[in-house]
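>>> What would the 3D arrangement of this be:
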Amino acid sequence: MKTILVTGAAGYIGRHVVKNALDRGYRVIASDFAFKGLDDRAEFCDVPIFSGDRDIYRQLGNPDVCIHLAWRDGFRHNSPAHMRDLSSHVVFLNHLVEGGLQALSVMGTMHEVGYWEGPINESTPCKPQSQYGIAKNALRQSLMLSMADSPCKLHWLRAYYITGDEAHGSSIFAKLAQAEEEGKKTFPFTSGKNLYDFIDVEDLANMIVAASVQTEINGIINVCTGKPQSLADRVEGFLKEKHYKIKLDYGAFPDRPYDSPGTWGDATKINQILEKERT
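Here you go, the predicted structure:
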């Protein structure tokens, strides 16, 4: 039975990853500052991951796999914390690998790529346009270089537009849920024409764990559906599914000139991983 360390375990994605890994029968070490709402089958660990200690791998329980989700200010794309914390992520992850970690999965993002029209695969050039994207892209480049000859397998899991679990999220869906609860009649909206790769957070968690526990398909792996959908269609479907009365005020916000009219992930690798699991 593999032991999986999940950093940022109590975060928006982390709590779902922890549950999915536990449901699969793995031993899970949940690393975070607090553990409210986490599945109590996990083993909780509050060892500071950015201590710089070389024996951090041992301190965190000698896991077989690490799923690194911890990231400060993930919803604030130009927070100064992204670049300020970058070297701490690099030091921590390299010390885990040096300690004997067998497989490392790190949460990536479509924001590494920046403006792009059409599908994104592992060869798509990256030109990030936010501090968040710059920091994530730099971390990926650093790890791919430092781990090039390492026996530890690197999975860089690039996520796209995450939905679901509105109570813990900060997406437009979470904002709509709050507006509905407050009794608002309308919600200011763009044209809604942009195409995105939407995925429910529970489906994302399943992909993250599936990709992390296998070692045949490595490197950049898009954890996504690969199916573009307009923002308007997805949001209108959400309102109908939830039986919300609030209406979208189309055009209240102009479409941002730096947003692509359509971008989504190439799901070839993750579909291969999931198909192999099924067989």
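>>> CA atoms for contacts and neighbours, from now on please.
Fine.
>>> Give me the contacts around the one helix or strand Ala174 maps to.
Using DSSP states H and E, Ala174 sits within helix 172-181. Residues from elsewhere that reach helix 172-181, judged by C-alpha atoms under 8 Å, 6 or more residues apart in numbering: 163-164, 166-168, 187, 235, 238, 244-246.
>>> out of those, who's nearest Phe33?
Here the nearest of the contacts of helix 172-181 to Phe33, counting by C-alpha to C-alpha, is His168; it sits at 16.3 Å.
>>> In contact with the nearest residue to that closest one once chain neighbours are set aside: list those residues for me.
Leaving out its chain neighbours, the residue that sits closest to His168 by C-alpha to C-alpha, 6 or more residues apart in numbering is Tyr12, at 5.7 Å. Applying C-alpha under 8 Å, 6+ apart, we find Tyr12 in contact with 165, 168-169.
>>> most surrounded residue in the residues you listed?
Of all the contacts of Tyr12, the highest neighbour tally under other C-alpha atoms under 10 Å goes to Gly169, namely 18 neighbours.
>>> check contacts around that residue.
With contact taken as C-alpha under 8 Å, 6+ apart, Gly169 is in contact with Tyr12.
>>> Would you check that my belief about Thr109 contacting Ala159 is correct?
Yes. The pair Thr109 and Ala159 qualifies as a contact (C-alpha atoms under 8 Å) at a distance of 4.8 Å.
>>> okay, those two: which has more neighbours?
Summary of the neighbour comparison: Thr109 and Ala159, criterion other C-alpha under 10 Å, with Ala159 having more neighbours (23 against 20).
>>> Please tell me how far Leu239 sits from Asp259.
Computed with C-alpha to C-alpha, to the nearest Å, the distance linking Leu239 and Asp259 is 24 Å.
>>> which of these two has more neighbours?
Neighbour tally, Leu239 and Asp259, criterion other C-alpha under 10 Å: the higher count belongs to Leu239, 18 against 13.
>>> Need phi/psi at the residue nearest to His168.
When read as degrees, to the nearest 10, the backbone of Tyr12 gives phi -60, psi -50.
>>> Contacts for the next helix or strand along the chain from the helix holding Ala174, please.
Downstream of helix 172-181, the next assigned helix or strand under DSSP H and E is strand 186-188. Applying C-alpha under 8 Å, 6+ apart, the contact partners of strand 186-188 are 176, 179, 246-253.
>>> Identify the neighbouring strands of strand 186-188 in the sheet and state each direction.
strand 247-249 (parallel) (DSSP bridges).
>>> List the buried residues for the strand it pairs with?
Within strand 247-249, the residues scored as buried using 16 or more other C-alpha atoms under 10 Å are 247-248.
>>> Show the average pLDDT along that strand.
Confidence for strand 247-249, expressed as mean pLDDT, is 96.
>>> That strand: what's the following helix or strand?
As assigned by DSSP H and E, the chain's next helix or strand after strand 247-249 is strand 263-265.
>>> For that next one, which helices and strands make contact with it?
In terms of contact count using 3 or more C-alpha pairs under 8 Å, 6 or more residues apart in numbering; DSSP states H and E, strand 263-265 is assigned the packing partners strand 118-120, strand 195-196.
>>> so after that strand, what's the next helix or strand?
Using DSSP H and E, the helix or strand that follows strand 263-265 in sequence is helix 268-278.
>>> What residues of that next one count as buried?
269-271, 273.
>>> How about residues contacting it?
Taking C-alpha under 8 Å, 6+ apart as the criterion, the residues outside helix 268-278 that touch it are 207, 210-211, 214, 217, 221-224.
>>> and of these, the nearest to Lys2?
Using C-alpha to C-alpha, the shortest approach to Lys2 within the contacts of helix 268-278 belongs to Gln214, at 11.1 Å.
>>> how far away is the closest one from Gly133?
Gln214 is 27 Å from Gly133, where distance means C-alpha to C-alpha.
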